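1. Pasting the sequence and the predicted coordinates here, then a few questions.
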Amino acid sequence: MELSPYAQGGWRLLGDPRRFPRRPFAALLRAAFRSLLDHPQAGLDDPDLKDIDPTVLKHCHAAAATCILEAGKQKADISAISTCLEDCKLDKERIEQFCTEYQKNKDALEILLGSIGRSPLHITDVSWRLEYQIKNNQLHKTYQPSYLVTLNVESSDSGSHPDVSFSCTMEQLQDLVGKLKDAAKSLERATQM
């Protein structure tokens, strides 16, 4: 099982007991599973999380959700999950806590992932725009450019799907474009065989 550098960075933050003591760590895990399985709109409003910096909290929530989905997608066993989290510098107690929560929610996660559909979405169009963020929602000055990307998609399983929209930095967009070019080359080589 492999996580992106961004997700690994979030797990390193989660593994730091000074940033995430035991109770906030457990609360964040519960919130990540709850937001994926029960309530997609579930927030990070647990009282145990109120002292954590909101930016760090969102980063760590995304990292936890990424790991949960990746483990479910690959039907990863406990040893694969443990190895991945050990690489992110988590201690045994936190790894066991994650694995326990994962095992408890594994069946529901597999049902959720199975309901998504068998055929992948087909990208029909892409639109983007440059956004320059001067302040974030905590009114801290950020001065960060980012790209808002919208993928128009359709599926052969059913009719229409909502567009897929995301925001990313220039480095993340360059990484995405590079990976798409690599995938296109791989596909081209496969069709020539």
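-> Great, that's in hand. Residues are numbered from 1 along each chain as shown.

2. Can you give me the buried ones in the helix or strand harbouring Q133?
-> Element membership for Q133 (DSSP states H and E) is strand 122-135. By neighbour count with 16 or more other Cβ atoms under 10 Å, strand 122-135 contains no buried residues. All C-beta atoms are positioned from the backbone trio N, CA, C, and that covers glycine.

3. Just give me how far that strand sits from the chain centre.
-> Between the centre of strand 122-135 and the centre of its chain there are 19 Å (Cα atoms, centre = their mean, to the nearest Å).

4. Report how many residues lie close to the closest residue to I134 other than its chain neighbours.
-> Excluding the flanking residues, the one nearest I134 by Cβ to Cβ, 6 or more residues apart in numbering is Y143, at 6.2 Å. Neighbour count for Y143, taken as other Cβ atoms under 10 Å: 8.

5. Roughly how far does Y143 sit from Y132?
-> The gap separating Y143 from Y132 is 8 Å, by Cβ to Cβ, to the nearest Å.

6. Same question for S115.
-> From S115 over to Y132 the distance is 38 Å, taken as Cβ to Cβ.

7. Per the annotation, how does this structure divide into domains?
-> Domain ranges of the chain: 5-115, 122-192, per the TED database.

8. Walking through the chain, point out its helices one by one.
-> Along the chain, the stretches classed as helices by DSSP state H are 5-14, 22-37, 54-74, 78-87, 92-114, 170-192.
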